[in-house]
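Colleague: no sequence for this one, just the structure:
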């Protein structure tokens, strides 16, 4: 009898508990819910902006670029020095990040204190060689110095003085950095060229016809052979010719850094440029490291190139 009574009481207790739980669930469903604002957590700001765009009136088309912003960019109101980092032939505005890991390298050097915080801009130049072509149809150099720099200075917190503006690049971009700095020493304080596509008149005239007509002809001369390639456009944009003929004071206004692998076909042109600087007593750094025309070479060379530029920014 006692057991039976106990079982009945337990059953009644379970029923009451279930009824109470159902009542609470119904109350929750029918009670108006809180409609106030939900706290918003600010997402981290993106410091690598890829394939941004400038609408160029001189080229009559958009120009894409990627830009790296230093770690403290969004937590300060300061202005930063800027490096224009130029890609090689066949690459674009994303290559220095995708293959060169430029953003990772810059982050590590800035965080270690080896590099002052800086903005790095990587424009797309197609196959323009960063100059005005011989027909003045593609005026990339004019676009760069008249439109692109002004656009970057207006959109981002750069230091707009030449003392805080520099150039670097690889291969075609190394060539472009040299030519732009030689043509415009009033705009750039340092130039660090990696495996720059620097050729003597003799090696330029001897480039195999198929390669010349594809890579160089559209910019420098059209499909011509031999010494007919040594046009005014070539002479005006040859780093070796400019190193020998540009006003000495203009050359000495820029801090120069040359780095080309000893297994690179372009090592001879870089060595000749080095000798031309020596003859003019133009102070510069010259490196001939072990390596070829490859991304591992450029990734390993970029830290020292940036540190060379950064030394000038520190004043």
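Modeller: Looks like it came in fine. It should be emphasised that the depicted structure is a prediction, and the values quoted were computed from it without experimental measurement.
Colleague: low-confidence ranges in this protein?
Modeller: Flagging of the chain using pLDDT under 70 yields the residue ranges 1-44.
Colleague: rerun that using 90 as the cut-off
Modeller: For the chain, residues meeting the criterion pLDDT under 90 lie at 1-46, 315.
Colleague: Let me see the ranges of the strands in it.
Modeller: According to DSSP state E, the chain carries its strands in the segments 48-56, 61-68, 82-86, 119-123, 165-170, 190-194, 255-259, 284-287.
Colleague: In TSV, list these along with distance to residue 235 and mean neighbour count.
Modeller: (Glycine included, C-beta is placed from N, CA and C.) Output for the strands of the chain, formatted as TSV (distance: least, Cβ to Cβ, whole Å; neighbours: other Cβ atoms under 10 Å):
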stretch	distance to residue 235	mean neighbour count
strand 48-56	27	15
strand 61-68	27	19
strand 82-86	22	28
strand 119-123	25	25
strand 165-170	21	29
strand 190-194	19	29
strand 255-259	20	23
strand 284-287	22	16
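Colleague: I'd like the ones you listed as JSON lines, with distance to residue 311 appended.
Modeller: Compiled in JSON lines, these are given as follows (distance: least, Cβ to Cβ, whole Å):
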{"stretch": "strand 48-56", "distance to residue 311": "24"}
{"stretch": "strand 61-68", "distance to residue 311": "19"}
{"stretch": "strand 82-86", "distance to residue 311": "13"}
{"stretch": "strand 119-123", "distance to residue 311": "16"}
{"stretch": "strand 165-170", "distance to residue 311": "11"}
{"stretch": "strand 190-194", "distance to residue 311": "8"}
{"stretch": "strand 255-259", "distance to residue 311": "8"}
{"stretch": "strand 284-287", "distance to residue 311": "10"}
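Colleague: From residue 240, how far off is the residue most central in space within the chain?
Modeller: Central residue of the chain (Cα atoms, centre = their mean): residue 122, 3.0 Å from the mean position. Residue 122 sits 26 Å away from residue 240 when distances are taken as Cβ to Cβ, to the nearest Å.
Colleague: Enumerate every residue touching the residue nearest to residue 196 when sequence neighbours are not counted.
Modeller: Spatial nearest neighbour of residue 196, excluding adjacent residues (Cβ to Cβ, 6 or more residues apart in numbering): residue 174 at 3.1 Å. Contacts for residue 174 (Cβ atoms under 8 Å, 6 or more residues apart in numbering) come out as 86, 88, 168, 193-198.
Colleague: same thing but 10 Å
Modeller: If you count contacts by Cβ atoms under 10 Å, 6 or more residues apart in numbering, residue 174 has them with 86, 88, 167-168, 191-198, 239, 258-260, 266, 270, 298, 305.
Colleague: coming back round to it: which strand residues bridge the residue nearest to the centre of the chain?
Modeller: For residue 122, the beta-bridge partners under DSSP bridges are residue 66.
Colleague: That one reaches residue 68, doesn't it?
Modeller: Yes. Under the criterion of Cβ atoms under 10 Å, residue 122 makes contact with residue 68 at 7.6 Å.
Colleague: now the helices for this structure?
Modeller: For the chain, the helices defined by DSSP state H occupy 2-30, 95-98, 102-111, 140-143, 149-155, 172-183, 201-205, 209-211, 217-220, 232-236, 239-245, 248-252, 267-279, 295-314.
Colleague: quick one: the residue nearest to residue 196 from residue 77, how far?
Modeller: 34 Å.
Colleague: Also residue 71?
Modeller: Noted for residue 71: a distance of 15 Å to residue 77, by Cβ to Cβ.
Colleague: which one of these two has more residues nearby?
Modeller: The neighbour count for residue 71 versus residue 77, taken as other Cβ atoms under 10 Å, is higher for residue 71 (13 against 6).
Colleague: so who does that one touch?
Modeller: The neighbourhood of residue 71, defined by Cβ under 10 Å, 6+ apart, consists of 47, 106-107, 110-111, 117.
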